[in-house]
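**Q** Dropping the sequence and predicted coords here.
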Amino acid sequence: MSLQKKDFVEIEFTAKVKDGNVFDSNIKEDLKNAKLNLEPKPVIFSIGGGMFLKGVEDFLEGKEIGKYNIELSPEKAFGHRDSRLIQIMPMRVFREQRLNPVPGIMFNFDGRIAKILSVSGGRIIADFNNPVAGKTVVYDLNVIRKVDDINEKAKAFIEFLFRRKFDFEIQDKKIILKAEKNFVQFLELFKDKFREILDLDLKVVEEEGKKKELPETQNS
């Protein structure tokens with residue numbers, strides 16, 4: 001049976017620039033060969049749910065379980081380079097964080113990744129474009145299985161949204177998420193997303209525990 005929008009799948013993948021280097025993967029051997037310091041993890045996402053690269057999600061709709069080689073133009077991958085995302089930053093920004101800007105180094109500025117292009121006196125030029133923006137990319141993709149278990153779907157979706165785990169249980173058409181007091185109101189903002197992706201109504205209940213900072217969410 002072909003895969004449809006909103007189906008959850010588990011994949012193995014390796015992504016590279018066309019005629020170039022691997023820049024992402026969840027396969028241990030490929031990460032090692034590419035010298036990428038990334039941890040290989042299972043990847044589970046909803047087709048059309050914005051949990052993976054849109055060009056890949058769009059390709060998989062109507063396909064079968066199996067292996068594919070996908071070539072994506074910049075428009076369907078990471079977009080074209082934008083000159084407005086090349087910015088001049090003062091040296092004090094780096095000094096305050098005890099960072100040493102060197103051309104070629106990547107830094108994370110509040111969730112925005114930038115590559116240092118040049119350093120001249122007190123002026124640093126940083127490029128906030130995605131490193132593979134403007135390039136054609138190729139994905140070697142193995143769709144391992146369709147995920148049918150609702151608990152497995154919910155776990156993957158929660159970790160995608162919040163980059164952390166929450167205890168939960170599913171009763172009929174409702175998912176009950178357990179969280180510390182300072183999370184409750186924040187999590188309730190995602191009721192529509194849970195209904196859209198999982199067809200479940202979200203209820204958040206307070207759980208006693210140590211107060212933690214709010215998680216970073218992912219754009220979808």
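**A** Now that the structure is in, tell me what you want to look at. Here the structure is a predicted model, which is why all the values come from computation and not from measurement.

**Q** Against which helices or strands is the helix ranked longest in the chain packed?
**A** If each helix of the chain is counted by residues according to DSSP state H, the longest one is helix 150-162. Helices and strands touching helix 150-162, by 3 or more Cβ pairs under 8 Å, 6 or more residues apart in numbering; DSSP states H and E, are strand 8-17, strand 43-46, strand 167-171, helix 191-198. Quick note: C-beta positions are derived from backbone N, CA and C, even for glycine.

**Q** ok, then the element right after the second one?
**A** Right, strand 43-46. helix 54-60 (DSSP states H and E).

**Q** Please enumerate the helices of this structure.
**A** 28-34, 54-60, 91-96, 150-162, 181-187, 191-198.

**Q** so can I have a markdown table of these showing mean neighbour count, mean pLDDT and distance to residue 76?
**A** Output for these, formatted as a markdown table (neighbours: other Cβ atoms under 10 Å; pLDDT from 0 to 100; distance: least, Cβ to Cβ, whole Å):
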| stretch | mean neighbour count | mean pLDDT | distance to residue 76 |
| --- | --- | --- | --- |
| helix 28-34 | 14 | 96 | 22 |
| helix 54-60 | 18 | 97 | 4 |
| helix 91-96 | 13 | 87 | 34 |
| helix 150-162 | 18 | 97 | 21 |
| helix 181-187 | 15 | 92 | 32 |
| helix 191-198 | 17 | 97 | 22 |
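
**Q** can you tell me which of those helices comes nearest to residue 18?
**A** Nearest to residue 18, of all those, is helix 54-60, at 13.3 Å by Cβ to Cβ.

**Q** Model confidence for the closest residue to residue 24 other than its chain neighbours, exactly?
**A** Spatial nearest neighbour of residue 24, chain neighbours left out: residue 15 (4.4 Å); criterion: Cβ to Cβ, 6 or more residues apart in numbering. On pLDDT, residue 15 comes in at 98.

**Q** check contacts around residue 102.
**A** 116, 119 (Cβ atoms under 8 Å, 6 or more residues apart in numbering).

**Q** Quick check: it vs residue 179, distance?
**A** To residue 179, residue 102 is 41 Å away according to Cβ to Cβ, to the nearest Å.

**Q** hang on, isn't residue 77 packed against residue 135?
**A** Yes: using Cβ atoms under 8 Å, residue 77 is in contact with residue 135, at 7.4 Å.

**Q** Give me the more crowded residue out of those two.
**A** Higher neighbour count among residue 77 and residue 135: residue 77, with 26 against 20, using other Cβ atoms under 10 Å.

**Q** For the more buried one, which non-adjacent residue is closest in space?
**A** Leaving out its chain neighbours, the residue that sits closest to residue 77 by Cβ to Cβ, 6+ apart is residue 137, at 4.7 Å.

**Q** From residue 43, how far out is the one you found?
**A** Taking Cβ to Cβ, one finds residue 137 at 16 Å from residue 43.

**Q** Looking at these two, which has the bigger crowd around it?
**A** Remark: of residue 137 and residue 43, residue 137 carries more neighbours, 23 against 17, as counted by other Cβ under 10 Å.
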